[in-house]
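Peer 1: Provided below for reference: sequence and predicted model.
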Amino acid sequence: MKKYNWIILAFIAVVMSSCYSHRVIGYLQEPTKTNKLPQYDSAAYEPYRIRVNDEIIYRLVTMDETMTKMLGTQTNISSGQYANSYRVYADGTIDLPFLQPIKVQGLTEVEAQDTIRAAFREIIPDADVKVALYNKYFSVIGDAHSSQYYIYKEKLNIFQALAMTGDVMTSGDRRHIRIIRPRDNGQEPEILEFDIRTNSIIDSKYYYVYPNDVIYVARQPNSFYTVPSYSGFIGLITSSVALLTTVLNYVAYIYK
């Protein structure tokens, strides 16, 4: 019977070691002697710069009713507002009504806004222009709630982005989160891989999410054998131990 008791204890130890712990799935952890998390350097935030195939929305405001009608506004004509979206061509330019092609590739939204306003004021002295990026989305795939999500503010960070998805699933590999980030001029996409559990992720180059980013969350290799929590697995442990004990007692009874 002592042999059977050792088997039961070994079984319990294996089961308990297969549960998810804070060390595996917790965020903002500090490195310790037993948990050597990577440490990332701080990096200054860089505003998004417009790329080929992005879509630009602009709104033109003017008191010139004749120009407003010529632009074919679909909003309230009396307000003098015009809104539409335009794709950035392969040469980095957009075509706007009554203007020569304007180079916007490589510009921030603010810089593009200033450039377009200056172009319009050459023909409409009182023109005011507001510019925004239309395709302001990021995507999530893998062991999270996969979908496409709108970037609702500047400096959206990785935690806010994942919170919009409902967080990474328990089985997701937080040690190897990847961001696939497109680049211009036919270059291969940039792949950023990082451990999201470390507190040094804040203000690092991995911290902010940009338009067109794809966040990939892989599944942990051992997730098939791992249970979500200790509390949720107590019932399974109890029933498994009871079954094992019954079988061993039955075997012992037969061969007694």
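Peer 2: Thanks, I have the structure now.
Peer 1: Which residues are in contact with the residue nearest to Gln105 when sequence neighbours are not counted?
Peer 2: Nearest residue to Gln105 in three dimensions, chain neighbours excluded: Gly92, at 2.9 Å (Cβ to Cβ, 6 or more residues apart in numbering). No exception for glycine: its C-beta is placed from N, CA and C like everyone else's. Counting by Cβ atoms under 8 Å, 6 or more residues apart in numbering, Gly92 makes contact with Val52, Lys103, Val104, Gln105, Gly106.
Peer 1: Could you double-check that the third one lies in contact with Gln113?
Peer 2: Which is Val104. No - between Val104 and Gln113 there is no contact under Cβ atoms under 8 Å: 9.7 Å.
Peer 1: Among these two, which residue is more densely surrounded?
Peer 2: Remark: of Val104 and Gln113, Val104 carries more neighbours, 25 against 19, as counted by other Cβ atoms under 10 Å.
Peer 1: Quickly note the distance from the nearest residue to the more buried one once chain neighbours are set aside to Tyr216.
Peer 2: Using Cβ to Cβ, 6+ apart and skipping the chain neighbours, the partner closest in space to Val104 is Ala112 (4.6 Å). Going from Ala112 to Tyr216 by Cβ to Cβ, to the nearest Å gives 30 Å.
Peer 1: Pick out whichever of those two has more residues nearby.
Peer 2: Counted by other Cβ under 10 Å, Ala112 and Tyr216 do not tie: Ala112 has more neighbours, with 26 against 18.
Peer 1: Next one: that one relative to Lys103, how far apart?
Peer 2: Here Ala112 is placed at a distance of 9 Å from Lys103 (Cβ to Cβ).
Peer 1: which stretches of the chain have low pLDDT?
Peer 2: Residue ranges of the chain with pLDDT under 70: 1-20, 71-84, 222-244, 247-248, 250-253, 255-256.
Peer 1: got the domain boundaries for it?
Peer 2: Here the domain parsing of the chain from automatic domain parsing is 2-19+227-254, 22-46+136-224, 55-133.
Peer 1: quick one, strands of the stretch 51-200 of the chain?
Peer 2: For the stretch 51-200 of the chain, the strands defined by DSSP state E, counting those that start in this stretch cover 55-61, 81-87, 93-94, 102-103, 128-133, 137-142, 147-150, 177-181, 190-194.
Peer 1: mind listing what the first one pairs with, with the direction of each?
Peer 2: Right, the one you point to is strand 55-61. Applying DSSP bridges, strand 55-61 is found paired with strand 81-87 (antiparallel), strand 128-133 (antiparallel).
Peer 1: what's the answer for the fourth one, then?
Peer 2: Strand 102-103 sits in its sheet next to strand 93-94 (antiparallel), going by DSSP bridges.
Peer 1: which other residues reach the strand it pairs with?
Peer 2: By Cβ under 8 Å, 6+ apart, the residues outside strand 93-94 that reach it are Ile56, Tyr86, Arg87, Val88, Pro101, Ile102, Lys103, Val104, Gln105.
Peer 1: which residues touch Tyr206?
Peer 2: Tyr206 touches Tyr40, Ile158, Ile177, Ile179, Leu192, Phe194, counting by Cβ under 8 Å, 6+ apart.
Peer 1: Check Tyr150 too.
Peer 2: Applying Cβ under 8 Å, 6+ apart, the residues near Tyr150 are Lys136, Tyr137.
Peer 1: Now with 10 Å, please.
Peer 2: Taking Cβ atoms under 10 Å, 6 or more residues apart in numbering, we find Tyr150 in contact with Asn135, Lys136, Tyr137, Phe138, Leu156, Met164, Pro211.
Peer 1: ok so the last one is a helix residue?
Peer 2: Same thing as Pro211. No - Pro211 is assigned coil when assessed by DSSP: H, G, I helix; E, B strand; the rest coil, not a helix.
Peer 1: hang on, isn't it packed against Gln148?
Peer 2: No - between Pro211 and Gln148 there is no contact under Cβ atoms under 10 Å: 11.0 Å.
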